[in-house]
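Asks: Sequence and predicted structure are below.
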Amino acid sequence: MINVTKTYLPNKEKYIKYVDEIYAKGWVTNNGPMLKELEKRLAKYLGVKNIILVANGTVALEIAYRTLDIKKYAITTPFSFVATTSSLVTNGIKPIFVDIDKKTLNIDPTKIKEAITPNTSAIVPVHVFGNPCDVEAIDKLAKENNLKVIYDAAHAFGVQHKDQSILNYGDISTLSFHATKLFHTIEGGALVINDDTLVEKARHLINFGIENAESIPELGTNAKMNEFEAAMGLCMLDEMEEIIEKRKVIYNRYKLGLKDIVKYQDSNPNSNKNYGYFPVIFNSEDEMQKVQNILNENDIYPRRYFYPSLDTLNYIEPKQYMKNSRDISKRILCLPLYPELLEDEQAKIINTVKDCL
Ligand SMILES: Cc1ncc(COP(=O)(O)O)c(C=O)c1O
């Protein structure tokens with residue numbers, strides 16, 4: 001069976017050494033030494049000032065909204081994983097969708113202005129499949145209209161834009177370190193915060209709002225990452241170069257093998273790639289379905305990612321209709337892409353797709 005992704009497990013002996021250390025110290029969670037070390041190493045690796053590790057990418061978004069005091073309405077994209085929208089709704093913020101650009105698959109910045117009202121407090125764009133949004137246009141609009149920007153950068157680990165980390169744009173960027181991601185900590189996530197004065201507040205928010213043993217200044221939650229997860233991150237970080245290189249080879253083989261057969265997302269010309277996903281766009285839903293069925297018959301499981309378009313969720317009020325997002329979400333598939341995918345397995349995927357188009 002070939003799935004869309006397979007969790008990468010780094011060197012086991014190294015991980016066990018970290019586990020031995022955790023046992024020896026007896027410190028398993030609550031801002032432990034491995035978490036601190038991972039924060040330090042990640043800040044350097046990614047090229048960011050302040051990084052706060054948390055339990056997952058969903059809670060990273062929620063902490064970002066609370067840190068920036070986002071209320072009422074936030075403009076966001078309908079073409080994302082459900083957590084981008086559900087995290088807003090669970091925090092009492094109404095998502096106002098702005099449709100995507102069908103080429104980049106990111107929120108269309110030319111349509112944002114008309115969606116802003118006096119009740120809008122933030123923009124929550126997503127760097128879809130690690131492809132940076134038009135951050136210059138979005139950050140300019142946000143400044144002109146006094147809005148906060150939270151980039152859901154769950155897919156954008158290690159992406160550079162115009163010679164700096166993409167995570168340095170906006171007010172806060174959030175990451176997901178789920179086991180299926182390029183870099184992972186089993187479950188996990190992070191906030192990258194550009195304003196130093198907000199870091200302390202976010203740190204309180206992830207720890208029940210507690211400042212110290214006698215003071216609880218914020219309404220917080222429990223969003224902490226534990227030491228076993230941080231240890232996994234430390235092991236992964238040692239192997240990132242190799243992981244990205246292997247993904248790049250597979251990505252380029254797909255590009256060559258499927259040349260002129262399927263359509264691709266347009267890449268931001270000022271950014272590098274992290275080779276996290278290989279999304280392909282078909283001419284119609286029927287065509288996509290045909291490819292998916294035949295791959296499934298061959299025990300290959302690509303993923304309809306993202307589907308459905310988030311404006312179709314039954315808990316969204318007011319109802320909205322996002323034409324481009326609905327169209328793309330019906331005819332896109334992410335093909336299997338992970339470091340251990342074998343060349344002959346990939347050839348089988350490419351040939352199967354080719355044969356049915
Ligand atoms: C775009 C996007 N945002 C948020 C999340 C949520 O991250 P997590 O699964 O770590 O909660 C994901 C997870 O896949 C995602 O793809």
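Replies: Perfect, I can see it now. As the structure is a prediction and not an experimental result, all values here were calculated from the model.

Asks: Strands along this protein, start to end?
Replies: Applying DSSP state E to the chain gives strands spanning 2-3, 51-54, 73-76, 94-97, 120-124, 148-152, 160-161, 164-165, 172-176, 189-193, 279-281, 300-301, 332-334.

Asks: So which of these is nearest residue 214?
Replies: The closest of these to residue 214 is strand 51-54. By CB to CB, the value is 22.9 Å. (C-beta placed from N, C-alpha, C; glycine too.)

Asks: Now do that closest one: distance to the chain's middle.
Replies: Relative to its chain's centre, strand 51-54 lies at 14 Å (CA atoms, centre = their mean, to the nearest Å).

Asks: That one and the ligand in contact?
Replies: No: using CB under 6 Å from any ligand atom, we find that strand 51-54 stays clear of the ligand, coming within 9.1 Å at best.

Asks: and the residue of the chain nearest the ligand?
Replies: residue 57 (2.6 Å; CB to the nearest ligand atom).

Asks: Is it possible to get TSV of the strands of the chain that adds mean neighbour count and mean pLDDT?
Replies: Listed next are the strands of the chain as TSV, based on neighbours: other CB atoms under 10 Å; pLDDT from 0 to 100:
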stretch	mean neighbour count	mean pLDDT
strand 2-3	18	96
strand 51-54	25	98
strand 73-76	24	98
strand 94-97	20	98
strand 120-124	24	98
strand 148-152	26	98
strand 160-161	20	98
strand 164-165	16	98
strand 172-176	29	98
strand 189-193	28	98
strand 279-281	20	98
strand 300-301	17	97
strand 332-334	22	98
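
Asks: ok, residue 257 - how many residues close by?
Replies: Neighbourhood size, residue 257 [other CB atoms under 10 Å]: 15.

Asks: Please apply the same query to the one 4 residues further on.
Replies: For residue 261, the neighbour count with other CB under 10 Å is 12.

Asks: Could I get the contacting residues of it?
Replies: 353-354, 357 (CB atoms under 8 Å, 6 or more residues apart in numbering).

Asks: roughly how far apart are it and residue 19?
Replies: As judged by CB to CB, to the nearest Å, residue 261 and residue 19 stand 46 Å apart.

Asks: next one: residue 185
Replies: Counting by CB to CB, the gap from residue 185 to residue 19 is 14 Å.

Asks: if we can go back for a sec, show the buried residues in the contacts of residue 261.
Replies: residue 353 (16 or more other CB atoms under 10 Å).

Asks: Could you dump the contacts of residue 261 into a markdown table and include distance to the ligand and pLDDT?
Replies: Shown next, in a markdown table, are these (distance: CB to the nearest ligand atom, whole Å; pLDDT from 0 to 100):
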| residue | distance to the ligand | pLDDT |
| --- | --- | --- |
| 353 | 24 | 96 |
| 354 | 28 | 95 |
| 357 | 27 | 87 |
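
Asks: Please identify which of the contacts of residue 261 is nearest to residue 340.
Replies: residue 353 (20.2 Å).

Asks: can you pull the pLDDT of the residue nearest the centre of the chain?
Replies: By CA atoms, centre = their mean, the chain has its centre lying nearest to residue 154, at 1.4 Å. Note on residue 154: pLDDT of 98.

Asks: for the one 4 residues further on, same thing?
Replies: Confidence per residue is given as pLDDT, and for residue 158 that number is 98.

Asks: so who does it touch?
Replies: Taking CB under 8 Å, 6+ apart as the contact definition, residue 158 lies against 45-46, 182-183, 240, 244, 274.

Asks: which of the residues you listed are close to the ligand?
Replies: Residues of these in contact with the ligand (CB under 6 Å from any ligand atom): none.

Asks: Can you tell me which of those residues is closest to residue 205?
Replies: Taking CB to CB as the measure, residue 205 lies nearest residue 46 of those, at 21.4 Å.

Asks: Is that closest one in contact with residue 192, as I believe?
Replies: Yes: using CB atoms under 8 Å, residue 46 is in contact with residue 192, at 7.4 Å.

Asks: can you list residues touching both of these two?
Replies: By CB under 8 Å, 6+ apart, residue 46 and residue 192 have these common neighbours: 165, 167.

Asks: Dump the C-alpha coordinates for the longest helix anywhere in the chain into CSV.
Replies: What stands out as the longest helix in the chain, according to DSSP state H, is helix 240-257. Extracted C-alpha coordinates of helix 240-257, given in CSV (Å, rounded to 0.1, in the frame of the first residue of the first chain):
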residue,chain,number,x,y,z
MET,A,240,16.5,17.9,7.5
GLU,A,241,19.0,18.4,4.8
GLU,A,242,18.8,14.7,3.7
ILE,A,243,15.0,14.7,4.1
ILE,A,244,14.5,17.7,1.8
GLU,A,245,17.0,16.5,-0.7
LYS,A,246,15.2,13.1,-1.0
ARG,A,247,11.8,14.9,-1.4
LYS,A,248,13.3,17.2,-4.0
VAL,A,249,14.4,14.2,-6.2
ILE,A,250,10.9,12.7,-6.0
TYR,A,251,9.2,16.0,-6.7
ASN,A,252,11.4,16.6,-9.8
ARG,A,253,10.7,13.1,-11.0
TYR,A,254,7.0,13.7,-10.8
LYS,A,255,7.4,17.0,-12.6
LEU,A,256,9.3,15.4,-15.4
GLY,A,257,7.1,12.3,-15.6
